[in-house]
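Student: Sequence and computational prediction follow.
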Amino acid sequence: MAPDRADAVIVGGGIAGLAIAWELRKRAARRIVVLERRFSGYGSSMRNIGRVRAMQLTPELARIAIAAQAKHAGLSRELGRNTLFWRAGYALVLYDPEEPEMMRGVQRMLRELGLKTELAAGAETVRRLPILEGGAPPAGALIRPDASVHHDAAMFAYRRACLAAGIEIREGVEVSEILTAGGRAAGVVAAGQEISAPLIVNAAGAWSGVLSAKAGVKIPNRPLRRQALVTEPSRPFMRTMVSFYRPVEGWFHQTLRGEVVMGVVPADEPVGTDLSASAESLGRTARGILAKAPRLGSLRVVRQWAGLYDVTPDRKPMVGPTSALPGFVQLNGCNGRGFALFPILAELLARWIDEGRRPDLLAPFDAERFAGQEQASVTIGDYYAGYRKALDSSGATMER
Amino acid sequence: MAERENSGRSLAAAALATGKSALARSFRLHRPRGAFCHAGWCQQCQTVLPDGSRALACQTPAEAGNVAGLESADPLRAVARIAEKWPPWFWETRMLSPEAARQPWLELLRRMSAAPPLSTSTSGECRPWRRSAADVLIVGGGRAGLVAAMSLALAGRKVLLVEAERLGGIARFLPVERGRVPELASAARRAGAQLREGILCLGLYDGATRALLIGPDGPETVEISSLVVAAGGYDRLPAFRGNDLPGIVGGRAFLRLVAAGALPPAKRIGLYADAAAAPRLIEAARAYGLAWAWIAGPGALPLAAERSHPHRRLRRASGDRCVREVEIDPDLRLGCDLLVLGLSQPAYELQMQAGRRAVLSGDPAAVRTAGPALLPLLELGEATGLADGPDFVSQVEAAVQAWLGDPHGNTPAPQDHVSAEKPDPDAFLCLCEDVRVRDCERAIADGFDHVELLKRRTGAGTGPCQGKLCHAELMACLARAGRNPALPTVRPLLRPVRLDALAGADDGA
């Protein structure tokens, strides 16, 4: 059989893969093949909760996240299908007495980037978020009308738009080999069949480190499990999505369908692609969330699941070509922000590929930034401490 | 007349006794819903009690509620009627413009939910997590579980048997068999098995090396080296038009209701049952002095049965807010105020979590499991599809002995079978999320033909019952379309559990 040919092969059929396929196709008539090991969205795209938060804590992430939210806001129109983009609001609730002070610096940084946030005091926080009544008293909250999309709706919108644009999505196909010729990427072997292509995009999410190794390109990405649970639906009683970092990292919100989704994050999760939920996470989540919002206690949990973060040492995405293997392009490493960021990252990457010039917004995420370095160890640890370090080192204006 | 089961009458049973079968509403389309299972798993009868708490009417003592206050008039039903014509993903190509109206649209959409409000009652007790270990965990304390507990304990195994309700399982509601339960239980105890009542098994974890239990003493993880599934079966709800009407109950639900004296003799009761389930339902009705308005079934029926229509298919049920009439082929209309469906879906979830794969078997098809499991696994009794009969206990005994000889040997062969019969497209496939057969067919035709995509596209199987009512129909729908009839991942929890019941301290975590 003659080898299959394409202009671009995308490995990974999640939101990253479908978004880059869509953006590349939008720019030029190309034959694009998306290869997905299981089914569209299997890895993380259909396991996440679709938060699209612009209010990030470091300037590099905030810059791209603001653009990402604008991209999501227009995505329904672009794809011709509703992604259920919803400005539900977002509150980063603070419990440590020194957190509000630290957030003042973040607030100023965000304001400089054109993002208005509110820093509510403790009592005001509970007034704005009555679900926190009776729980641990907050020290304050950073609040803004951030948005969410329905993850399945957004995935299906991309999927159908891609299919309608003639992009081929092959599901149940695993890539076993990356082919090279003359020091360049030349194609892949998938399910025993060769597909030659001058451009290969690594959009394999939590498996991107493994895939990259197949191409002989070392990247420091590691998969880390995250767990969530969902309750039965209720009539709407809260709108704002809540996150907190102290004393443990956790989050919860009520979805459009009325269910409450929540998770509490352990600092010591081992690296790996284990996708099974644990009994411990049930207890940890129940304890962590009810300490903050005890009124949720009567809701019944119907299901729990796990997903994977594709984590990098500096918690920033990996985007762009690799000099070790020209033609092999990274689009991964989103550290749990992929659903929000990939649509805009894909748009910018497609421009980079076609125009040969790196868009400024992508500079902090250049996939070459770890090249030649000793492999940095990646642990999830205390996310917040990670931010704090990043904040200090980035020279973001901090009032002390 | 046989003696009544004296476990007290539920709010749902009390309502039925007064002729009220609509107890709740579906979340999405505001359709009136009644209790189908009367056993706490179908989740269709959730109601708000006078104290502001939410509870399943079938799991609430009659005294705790107020029959008259159940399911009042619903002004939003009229609006939901418009949405009935649309698939669950109706918003996909609607609500796109004008763009400024999209946020108010979403607000309106979420406020359309018929789900009950967040409970105003205070939080319940939370007990600490505990840990234990057992050689064999037996899930289900009916006759099969008790027989297995005795045999395995006698063989020297450390046996823990957990029963979600009370020992005896469905036999508690069988006029003759219930008499055997105390004897089986004491034999198992004498042999050294630990028998615990009121304990739910919520799922398997860590590669099926641990099980999570919850009961009055709180959550508990048990390290296990082998598993016996003797959890009986669910009542199977096949896809026919009008299958979500209140007044339709499962066969096991009927056994419970009749034993609790919840069925007034004046009620017209129709029975649609397969050949395996019909005899014990007919027997129970006779023992408690109830007469059937008619009996029908897809297969043979007992000869002596009165007004019997064997080898007929149920086409549709109709009525306003409650079933009043059914139509069986060809064109025969039969009246009833209660429709009993004697069809079984054997328990399958723990087997799936233990690594087996799903196959379809029987007509109407039920989910069964096949292939190797991650740990020595034995399914017993009604969980194997075994019907009641004089040999029930001896068959269970033989299966346990065979398993003792070859603990990896209990791997049933696949028995894929799908009826060519096409269900009515208007029939409900998933009651929790109001998904109809036609929605699934259309999603498959639109390319959502992997079961995980189909589940996410339609919502089928994602509601509070977690697919117990719809998994078989979901698989059958894929099979009819020529696609791989697989099940989505069967995730824990097997039953909904209050968040505060899980929030106790965990020293080991």
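Tutor: Alright, I've got the coordinates. Numbering: from 1, shown residues only, chains lettered A, B, ... in the order given.

Student: Got phi/psi on B:R172?
Tutor: The phi/psi pair for B:R172 (degrees, to the nearest 10) reads phi -60, psi -20.

Student: what about it, how many neighbours?
Tutor: Residues near B:R172, counting by other Cβ atoms under 10 Å in any protein chain shown, number 18. All C-beta spots, glycine's among them, are computed from the backbone N, C-alpha and C.

Student: who's in contact with the closest residue to B:V79 other than its chain neighbours?
Tutor: Nearest residue to B:V79 in three dimensions, chain neighbours excluded: B:M112, at 6.8 Å (Cβ to Cβ, 6 or more residues apart in numbering or on different chains). Neighbour list for B:M112: B:76, B:79-80 [criterion: Cβ atoms under 8 Å, 6 or more residues apart in numbering or on different chains].

Student: Can you give the domain ranges for the chain?
Tutor: Using chain A here. A:4-47+A:152-221+A:314-382, A:88-147+A:223-311 (automatic domain parsing).

Student: ah, I was thinking of chain B
Tutor: Taken from automatic domain parsing, chain B resolves into B:12-88, B:130-234+B:345-405, B:239-342, B:428-480.

Student: need the contact list for A:M55.
Tutor: A:62, A:65, A:90, A:92, A:110, A:115, A:117, A:142, A:144, A:146.

Student: Phi, psi for the residue nearest to the first one when sequence neighbours are not counted please.
Tutor: If I follow you right, that is A:A62. By the measure of Cβ to Cβ, 6+ apart, the closest residue to A:A62 outside its immediate chain neighbours is A:Q56, 4.2 Å from it. With angles defined as degrees, to the nearest 10, A:Q56 sits at phi -90, psi 170.

Student: on that earlier part again, output the domains of chain A as JSON lines; include the columns mean pLDDT and mean neighbour count.
Tutor: Below are the domains of chain A laid out as JSON lines (pLDDT from 0 to 100; neighbours: other Cβ atoms under 10 Å in any protein chain shown):
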{"stretch": "domain A:4-47+A:152-221+A:314-382", "mean pLDDT": "94", "mean neighbour count": "21"}
{"stretch": "domain A:88-147+A:223-311", "mean pLDDT": "95", "mean neighbour count": "20"}
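
Student: out of those domains, nearest to chain B?
Tutor: Nearest to chain B among the domains of chain A is domain A:88-147+A:223-311; the distance by Cβ to the nearest Cβ comes to 3.3 Å.

Student: Quote the end-to-end distance of that closest one.
Tutor: 27 Å (Cα to Cα, to the nearest Å).

Student: How far away from the center of its chain is stretch B:112-123?
Tutor: Taking Cα atoms, centre = their mean, to the nearest Å, the mean C-alpha location of stretch B:112-123 is offset from the chain mean by 23 Å.

Student: Now do that stretch, average pLDDT.
Tutor: For stretch B:112-123, the mean per-residue pLDDT is 86.

Student: ok so, going back, so which of the contacts of B:M112 sit within helices?
Tutor: Residues of the contacts of B:M112 located in helices (DSSP state H): B:79-80.

Student: Emit the PyMOL select command for whichever of the contacts of B:M112 are buried.
Tutor: Of those, the buried ones can be selected in PyMOL as follows, counting by 16 or more other Cβ atoms under 10 Å in any protein chain shown:
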select buried, chain B and resi 80
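
Student: Save the contacts of B:M112 as a markdown table, and put in pLDDT too.
Tutor: A markdown table is the format used below for the contacts of B:M112 (pLDDT from 0 to 100):
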| residue | pLDDT |
| --- | --- |
| B:L76 | 90 |
| B:V79 | 89 |
| B:A80 | 91 |
